[in-house]
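> Here's a sequence, model it:
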Amino acid sequence: MLYLIRERAKSWVLWGIILLLIATFALWGINSYLGGPSQTKVLQINGDDLTQSEIDQAVKQRRREYRQALGDAFQPAMFEDDILRPMVEQQLVSEILLNQQVRAAGFTITEAALADILGQYEAFQTDGVFDLDRYAQAIRSQGLTPAEFEARMAASLAQQQLISGIRDSALPVTAEATRALQLWQQQRSGYYGFIDGNPEAENWTPSEAEIQSHYESNPGPFSSRETVTIEYLELDSADLHSVEGIDEAALRQRYESEIENLRSPVEVRAAHILLTLREDADPETTRTVLARAESLIEQLQQGADFAKLAAAHSEDRSTASQGGDLGWLTSGMVDPDLETAALALQPGQISAAVRTRFGYHILQVRERRGGEAPSYDALRDELLTQAEADAAEALYVSRAERLQALAYEQPDNLDAAASALELTIQTLGPITRAGGPGIAANPEILSQAFSDPVLKEGLNSEAVELSPGRMVVLRLARHNPAAVRPLDEVRDEVVLELRQRHAATTARTRGSELLAKIKADPVNAGAVAEAEGVQLQPFEQLTRTDFAEPGRELIQYIFSASRPEPGMTTASGSLLEDGRFGLILLQEVAVAEGDESDAETLEQIMASLTQQRGEAAFSDYLEALRRQAKIKRY
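Here you go, the predicted structure:
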């Protein structure tokens, strides 16, 4: 496959295919979760089983994705298994249902098509050309071999054929797009004004009965928030001193136990001559091709130039002109049989004929590197650092277990745990259920602080792992329940809220009365409004994208107003968020004259609407699969 990719990389491929593939991995990359070791069966979907190990692996992968995407903002408590598992399980079921449809419909992806796509992917290129080494390194960084990656890519591409077919079935929306463009380009002209009830409300004083009634019927705004002050112990591995007593003998033993893992990977720069042969070739054809390979091997053993024979006889067109050069190869990059043969050769040696699914290969290793292990002296400092880190981690684990045990054994205090582990009892608060500074920003800390065992029973909390190597146990120091503040304390707030409501009611009443008068005399709408003291301001050729006067909220009402008859005025209005009544006198609705950009804008709108319909069609299809599926939970 690798040399096929290099050959196909020279051809032109629509980048849209790659983008679709990437999107498929992003949304439906569940293929990477399936196929692990079979364990307890959880679900059966139309006869296909989904195991616990597959779900667990998918949950871990999704959590890693969130951690990488959120960085420092990642909060482990928000991505616990019980939160992620239902979502991931549903996605896995959807993936299985789609794969069943792919198999039933016979969707496949050829090696040539897959090679085309991989060859065009920039992440695998150097200076715009497919780079075999870069490809292999990128795949290995994901914990995959090229063969595994290619299999998953092929499966995802086959699935994409099905998904694209459904999404692309959405019908053109020319009329709908044209209407959307006309609405978007619409311009409106007229007048607007505001009716403000605040001047009257400022001189209005609510009665004691009104104050008392409002205070009693609306306790929420006039209540103090529930708070707690907590005491806590924090165990942090960063504060633990490294353990002494790591001697040279221990370091040397660690070095010897790790020596094989420390060796650099063996790499060989190899060339090959490929004589193609179908996997299902008959015996006679196989013998013929093998005989040709053995004849070439005999010529090479007699001193023939490998590069010249490759140029003349190799049927791998992408490498033949370079003397069969495959570049640097290491474990996992090529067919296992080819890899075994290549890594067994020393520079200058020629292999026997190696059979793969592509045919017979003749290999020559030109260079060899790697396989060496660094000396003990070169690694001593690193080994010491690792040993100290392991010892500190073991100490942390031991102390964390001790902290949890002591907090449980003596649930009404933290003194014993603090004394035994030489930790300081810290205090934080008051904090609300919305959180606070420091560890109070952690949702799990808040959950524990306001839990019944801590809040009502006065017990120590369960241990909370803020992050790897950092643990907290807390208890309640003081609890201040939410309570309605005395009326004397909040009287001014109650009066202010009543005045605001009175102002809004006054504005709405005056506005409704004014609209009734205008509708009774629409020809003189402006004069009627001004007679009532409303200062009208013009708006001319206002568009939906204007953000200045008369304000975003009123603009929305302007564009929701009914279109006036020619020469007439449509009056409307609404109470605004700031308590004023907004009056609208709409006189004209027009569409801006088109220009050269209209065709492009229309095309964009059509594409967007078609995509929306396609997504809706796919969602409906997936939902139909789920409804029709026979799903059994074990």
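
> and after the helix or strand of the chain with the lowest mean pLDDT, which helix or strand comes next?
Scoring the helices and strands of the chain by mean pLDDT, DSSP states H and E places helix 15-28 at the bottom, with a mean of 38. Once the chain leaves helix 15-28, the next helix or strand it forms, by DSSP states H and E, is strand 41-45.

> for that next one, packing partners?
If contacts are counted by 3 or more C-beta pairs under 8 Å, 6 or more residues apart in numbering; DSSP states H and E, strand 41-45 sits against strand 48-51, helix 52-70, helix 81-105, strand 631-633. Any C-beta I mention is one placed from the backbone N, CA and C, and that applies to glycine too.

> If we use 7 Å, what do you get?
Identification of packing neighbours for strand 41-45 by 3 or more C-beta pairs under 7 Å, 6 or more residues apart in numbering; DSSP states H and E yields strand 48-51, helix 81-105, strand 631-633.

> mind listing what's buried in that strand?
The neighbour-count check on strand 41-45 (16 or more other C-beta atoms under 10 Å) flags 42-45 as buried.

> how about those in CSV, adding distance to residue 388 and pLDDT?
Rendered in CSV, the data for those read as follows (distance: C-beta to C-beta, whole Å; pLDDT from 0 to 100):
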residue, distance to residue 388, pLDDT
42, 42, 88
43, 46, 89
44, 50, 91
45, 49, 91
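
> and which of those residues is nearest residue 314?
Taking C-beta to C-beta as the measure, residue 45 is the one of those closest to residue 314, at 46.6 Å.

> pLDDT score assigned to the nearest residue to that closest one once chain neighbours are set aside?
Nearest-residue entry for residue 45: residue 96, 4.8 Å, with adjacent residues in sequence omitted and distances by C-beta to C-beta, 6 or more residues apart in numbering. Reading off the confidence values, residue 96 has pLDDT 90.

> that older thread, which pair of the buried residues of strand 41-45 spans the longest distance?
Largest pairwise distance in these, by C-beta to C-beta, is 10.3 Å, between 42 and 45.

> Burial check on residue 289, number of neighbours?
Counted with other C-beta atoms under 10 Å, the neighbours of residue 289 add up to 19.

> From residue 498, how far out is the nearest residue in space to it that is not next to it in sequence?
The shortest distance from residue 289 to any residue other than its chain neighbours is 4.7 Å, reached at residue 277 (C-beta to C-beta, 6+ apart). Here residue 277 is placed at a distance of 92 Å from residue 498 (C-beta to C-beta, to the nearest Å).

> What of residue 430?
30 Å.

> ditto for residue 460
In this structure, residue 460 and residue 498 are separated by 47 Å, where distance is defined by C-beta to C-beta.

> more neighbours, those two?
Higher neighbour count among residue 460 and residue 498: residue 460, with 26 against 20, using other C-beta under 10 Å.

> secondary structure class for the more buried one?
In terms of secondary structure, residue 460 is coil; the call rests on DSSP: H, G, I helix; E, B strand; the rest coil.

> Excluding chain neighbours, what is closest to it?
Nearest one to residue 460, counting by C-beta to C-beta, 6+ apart, is residue 407 at 4.3 Å.

> Below-threshold pLDDT in this protein: ranges please.
Applying pLDDT under 70 to the chain picks out residues 1-39, 72, 76-77, 112, 140-145, 170-173, 241-245, 260, 547, 592-597.

> hmm, try it at 50
Segments of the chain classed as low confidence (criterion: pLDDT under 50) are 1-38.

> following the helix or strand where residue 187 lies, which helix or strand comes up?
Counting by DSSP H and E, the element that carries residue 187 is strand 186-195. Scanning the chain past strand 186-195 towards its C-terminal end, the next helix or strand to appear is helix 198-202 (assignment: DSSP H and E).

> Could you check how far that next one is from the centre of its chain?
In terms of C-alpha atoms, centre = their mean, to the nearest Å, the centre of helix 198-202 is set 51 Å apart from its chain centre.

> for stretch 490-504, same thing?
For stretch 490-504, the gap between its own C-alpha mean and the chain's C-alpha mean amounts to 46 Å (C-alpha atoms, centre = their mean).

> Just say helix, strand or coil for residue 352.
What three-state DSSP gives for residue 352 is coil.

> What about it, how many residues nearby?
A count of nearby residues for residue 352, using other C-beta under 10 Å, gives 13.

> Need phi/psi at it.
With angles defined as degrees, to the nearest 10, residue 352 sits at phi -70, psi 180.

> distance of it from residue 361?
Counting by C-beta to C-beta, the gap from residue 352 to residue 361 is 10 Å.

> Strands of the stretch 201-350 of the chain, residue ranges please.
223-224, 227-236, 267-276, 325-329 (DSSP state E, counting those that start in this stretch).

> what's the first one packed up against?
Helices and strands touching strand 223-224, by 3+ C-beta pairs under 7 Å, 6+ apart, are strand 483-484.

> Paired strands for the strand it packs on, with orientation please.
Paired strands of strand 483-484, with direction, are strand 223-224 (antiparallel) (DSSP bridges).

> quick one: contacts of the partner strand?
When contacts are taken as C-beta atoms under 7 Å, 6 or more residues apart in numbering, the neighbours of strand 223-224 outside the stretch itself are 482-485.

> just to revisit the earlier point, residues of the strand holding residue 187 that come out buried?
Of all the residues in strand 186-195, those buried under the rule 16+ other C-beta under 10 Å are 186-188, 190-195.

> quick revisit: for the residue nearest to residue 460, helix, strand, or coil?
If you use three-state DSSP, then residue 407 falls in the helix class.

> begin at 666 from here
All set: I'll call the first residue 666, so the last point we hit is now residue 1072.

> Verify the contact between it and residue 1140 for me.
No - using C-beta atoms under 7 Å, residue 1072 is not in contact with residue 1140; the gap is 8.4 Å.

> got any residues that touch both of these two?
If you check residue 1072 and residue 1140 against C-beta under 7 Å, 6+ apart, the residues they both contact are 1079, 1125.

> now, which of the buried residues of strand 706-710 sits nearest residue 1078?
Set against residue 1078, the nearest of these by C-beta to C-beta is residue 707 (42.9 Å).

> residue contacts, the closest one?
Residues in contact with residue 707, defined by C-beta under 7 Å, 6+ apart, are 715-717, 720, 1298-1299.

> ok so, going back, columns distance to residue 1099 on top of the buried residues of strand 706-710, output as TSV?
As requested, these are arranged in TSV below (distance: C-beta to C-beta, whole Å):
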residue	distance to residue 1099
707	37
708	38
709	44
710	41
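
> which one among those gets closest to residue 897?
The shortest separation between residue 897 and any of the buried residues of strand 706-710 is 37.8 Å, and it belongs to residue 707 (by C-beta to C-beta).

> Flag every buried residue along stretch 986-993.
In terms of neighbour count (16+ other C-beta under 10 Å), stretch 986-993 has its buried residues at 987-993.

> returning to what we had before: right, so of the helices and strands packed on strand 706-710, which gets closest to residue 736?
Using C-beta to C-beta and comparing the helices and strands packed on strand 706-710, the one that lies nearest residue 736 is helix 746-770, at 18.2 Å.

> Just want the angle from that closest one to strand 706-710.
40 degrees (axes from the mean of the first three to the mean of the last three C-alpha atoms, to 10 degrees).
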